[in-house]
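1. curious how this folds, go ahead:
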Amino acid sequence: MSTTETITTTKAVKAAKISLGVPSQHRPRTSPDEGEIKGENGYPPALFPNYLPVWESPQANYPPLETFDYIERALGADGSFPDLLHAGAEVHNITAAMGAEVSGVQLSQLSNKGKDQLALLTAQKKLLVFRDQDFASLPIGQSVDFCRYFGRLFLHPHSGAPKGHPEIHIVHRRAGNTIAADYFQSHTHSMAWHSDNTYEVQPPGITFLYALEVPDNGGDTIFTDTEKAYERLSPAFQERLRGLQAMHTARDQAARAQANDGYVRREPIDTLHPVVRTHPATGKKALFVNPQFTRQIVDFKKEESDIILKFLYDHMTSSHDLQCRVKWRMGDVVVFDNRNTIHSAITDWTDGRRRHIGRITPAAERPYDD
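-> Residues are numbered from 1 along each chain as shown. Presented below is the predicted three-dimensional model:
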């Protein structure tokens, strides 16, 4: 089987012609937003202007990604975590289902053994929250190098990045934004459940989010444990899902970017992945479909596929006993495993406060189900 395979997509996706590059009428922002740097309309300047997104060399497109040999850092890591959880470190579960808050650890000071143990603990807990970290105040390249240890870093084909550092995907809502209020004029909720970039042949694994500036209230991120979601299914239904493949597409994301006068720097692809995947470090199985990027189960008719996918989406998103919600504080670093979770930002703050988060995204293995 080739590394990238396509199947028939919906008429809407087929009809959308994606052109690489930048729309001719769009003026690329090659320098940071001056209003954010200086502050305006009563809002203070950005705390981390060096992390404001820019679109450098906007006409330079990215080549298709090639496969690479991924090293699973969690394999062979010491499960007693001596190099991660030093004396004084504490781990407190966020919920009974998933997630933990870790105190007394400064990630930037970890040795390679400590990083390996971080990968293992993340695979086990699915999500770790580290408070009072120095990631944001370090030279940007140092944070990038830390994350590169875990895999080849993903360059997002649409989003802006800090100047000189395309490896960082910036989540940015400028001060004074009315996005939430505008959105709820035509929608009843803001949930957009997904795993990141699952259309890639080798989607992300261990992923790093770090808070640069966040509202006092609102803008949380919610996660679901998709391993436990799989375990909750009946053995008969688990067995029926095994061996199935589904198509994940980048085309809708690219079409949205283009419709908003955005950037399409890499040709969007469709990729087949197993509906159930195996984690290489733990051997546990997880559901691997999501509403943002998964479109159809292979060899099923559309209506059949839609019924199964809708059930799986409803199961994962409505099972609150399989979830945890992260309330952001400045200085936080959230480390999560993109292979056995789905997540959604919650766009619920309406006071115009800035929300500014960095994401560094190492790629992992090609999903498999053994």
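
2. all contacts plus neighbour counts: C-alpha atoms, from now on.
-> OK.

3. count the neighbours of Gly176 for me.
-> Per other Cα atoms under 10 Å, the neighbour tally for Gly176 reads 17.

4. quick one: it is in a helix?
-> No - read with DSSP: H, G, I helix; E, B strand; the rest coil, Gly176 is coil and lies in no helix.

5. please enumerate the strands of the stretch 51-200 of the chain.
-> For the stretch 51-200 of the chain, strands defined by DSSP state E, counting those that start in this stretch occupy the ranges 90-93, 100-103, 127-130, 168-173.

6. deepest of the ones you listed, which one?
-> Highest mean neighbour count of those: strand 127-130, a mean of 25 (counted as mean count of other Cα atoms under 10 Å).

7. paired strands for it, with orientation please.
-> strand 100-103 (parallel), strand 333-337 (antiparallel) (DSSP bridges).

8. reformat those strands as JSON lines; add mean pLDDT and distance to Val171.
-> Shown next, in JSON lines, are the strands paired with strand 127-130 (pLDDT from 0 to 100; distance: least, Cα to Cα, whole Å):
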{"stretch": "strand 100-103", "mean pLDDT": "98", "distance to Val171": "22"}
{"stretch": "strand 333-337", "mean pLDDT": "99", "distance to Val171": "14"}
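
9. who wins for proximity to Ala192 among those strands?
-> Among the strands paired with strand 127-130, the nearest to Ala192 by Cα to Cα is strand 333-337 (17.3 Å).

10. run the chain-centre distance for whichever helix or strand comes after the closest one.
-> Note on strand 333-337: by DSSP states H and E, the next helix or strand toward the C-terminus is strand 341-345. Distance of strand 341-345 from the chain centroid (Cα atoms, centre = their mean, to the nearest Å) equals 8 Å.

11. for stretch 308-319, same thing?
-> Relative to the chain's own centre, stretch 308-319 is displaced by 19 Å; criterion: Cα atoms, centre = their mean.

12. begin at 4, not 1, for the rest of this chat.
-> Got it, first residue is 4 now, which makes that one stretch 311-322.

13. buried stuff in that stretch?
-> 312, 315-316, 318-320 (16 or more other Cα atoms under 10 Å).

14. also stretch 40-54?
-> In stretch 40-54, counting by 16+ other Cα under 10 Å, buried: 40, 42, 46, 48-49, 52, 54.

15. make TSV out of these and add distance to Tyr152.
-> Formatted as TSV, those follow (distance: Cα to Cα, whole Å):
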residue	distance to Tyr152
Ile40	32
Gly42	36
Tyr46	37
Pro48	33
Ala49	29
Pro52	26
Tyr54	21
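
16. contacts for stretch 48-67, please.
-> For stretch 48-67, the surrounding residues in contact (Cα atoms under 8 Å, 6 or more residues apart in numbering) are 23-25, 31-36, 38-42, 139, 160, 162-167, 173, 175, 215-216, 266-270, 357, 361.

17. avg pLDDT for that stretch?
-> The pLDDT scores in stretch 48-67 average 88.

18. check contacts around the closest residue to Leu290 other than its chain neighbours.
-> Distances taken as Cα to Cα, 6 or more residues apart in numbering put Val279 closest to Leu290, at 4.7 Å, once the chain neighbours are dropped. By Cα under 8 Å, 6+ apart, Val279 lies in contact with 244-247, 288-291, 371-372.

19. TSV for the strands of the stretch 54-203 of the chain, including distance to Arg298?
-> Shown next, in TSV, are these (distance: least, Cα to Cα, whole Å):
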stretch	distance to Arg298
strand 93-96	34
strand 103-106	32
strand 130-133	26
strand 171-176	24
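
20. out of those strands, the one nearest Ser308 is which?
-> strand 130-133 (29.8 Å).

21. what are the C-alpha coordinates of the closest one, in CSV please?
-> Only the C-alpha atoms of strand 130-133 are listed here, as CSV (Å, rounded to 0.1, in the frame of the first residue of the first chain):
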residue,chain,number,x,y,z
LEU,A,130,-2.3,14.5,29.1
LEU,A,131,0.1,16.3,31.5
VAL,A,132,-0.2,19.9,32.7
PHE,A,133,3.1,21.5,33.9
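
22. residues contacting that strand, please?
-> So strand 130-133 is contacted by 101-106, 108, 125, 329, 335-340 (Cα under 8 Å, 6+ apart).

23. and Thr12, what pLDDT?
-> Listed pLDDT for Thr12 reads 38.

24. what does Ala15 give?
-> 40.

25. now do Arg30
-> Here, the pLDDT recorded for Arg30 equals 54.

26. cool, and His276?
-> pLDDT for His276: 99.

27. hang on, it is in a strand, isn't it?
-> Yes - using three-state DSSP, the assignment for His276 is a strand.

28. OK, contacts around it?
-> By Cα under 8 Å, 6+ apart, the residues touching His276 are 248-251, 291, 370-371.

29. which one of those residues sits in the busiest neighbourhood?
-> Greatest neighbour count in these, by other Cα under 10 Å, goes to His251: 29 neighbours.

30. wait, isn't Arg280 in contact with Gly286?
-> No - the pair Arg280 and Gly286 does not pass the contact test of Cα atoms under 8 Å, sitting 9.4 Å apart.
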